[in-house]
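Need coordinates for the below:
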Amino acid sequence: MVVMYKLSLLFLLITFGAVSYSFSQGTATGCLLPNNSVYGNDFMGNATYYETSAPVTTLSNNYCYWTPSSTGVSCSVCTSYTYVWPWGYFPSGCTTGVKGTFSMVACPIDDHAIIMTVFTAFIAMGIIRRKNTGMNIE
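The predicted structure follows:
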């Protein structure tokens, strides 16, 4: 039985060690808004203002949030720009976000629920078997 617990502990360490890594799928560079959309089309090369037109990257299925690989500067995504001669374009209808490069991060509980269920069942079977044979858990 001691061997079973050592194997269970090893399985636990390997499983949850692998689960703890962030499995990322896809990256996007641009302005991340609170609605979890990354807008990548900056307005006329201005890295502070972004347009609502394509490309827009949203989270894929089974991905919970974005993690930044580089960020720190605020940005704005604006719905329209008005040209006023001779001063240039003025943005309006803007929403503030964070500029950077972002990676999608998988939801760790949702993606690995089957592995955790199998592991829990394995441990429970060992405890039940031990109680039925009259062995102490100590």
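
other SSEs contacting the longest helix belonging to the chain?
Determined from DSSP state H, the single longest helix within the chain is helix 113-133. Helix 113-133 sits against helix 2-20, with contacts defined as 3 or more CB pairs under 8 Å, 6 or more residues apart in numbering; DSSP states H and E. Placement of C-beta: from N, CA and C, glycine included.

circling back: buried sites along the longest helix of the chain?
Phe119, Ile123, Gly126 (16 or more other CB atoms under 10 Å).

Any idea what the residue positioned nearest the centre of the chain is bridged to?
Closest residue to the average C-alpha location of the chain: Val105 at 2.4 Å, with CA atoms, centre = their mean. For Val105, the beta-bridge partners are Ser24, Tyr65 (DSSP bridges).

Point out where this protein drops to low pLDDT.
Applying pLDDT under 70 to the chain flags residues 1-25, 45-46, 54, 71, 109-112, 134-138.

Please work out which residues outside whatever helix or strand Cys75 lives in touch it.
Assessed by DSSP states H and E, Cys75 sits inside strand 63-84. The contact list for strand 63-84, computed with CB atoms under 8 Å, 6 or more residues apart in numbering, reads 22, 24-25, 27-28, 30-33, 36, 38-39, 43, 47-52, 59, 89-107, 110.

and Ile114, what does it touch?
Contacts of Ile114 by CB under 8 Å, 6+ apart: none found.

Could you number the chain from 25 rather than 1 from now on?
Got it, first residue is 25 now, which makes that one Ile138.

so how far is Thr106 from it?
The spacing between Ile138 and Thr106, counted by CB to CB, to the nearest Å, is 54 Å.

picking that back up, check the contacts of strand 87-108 for burial and list the buried ones.
The neighbour-count test (16+ other CB under 10 Å) marks 52, 54-57, 62-63, 67, 73-76, 83, 115, 118-119, 121-124, 126-130 as buried among the contacts of strand 87-108.
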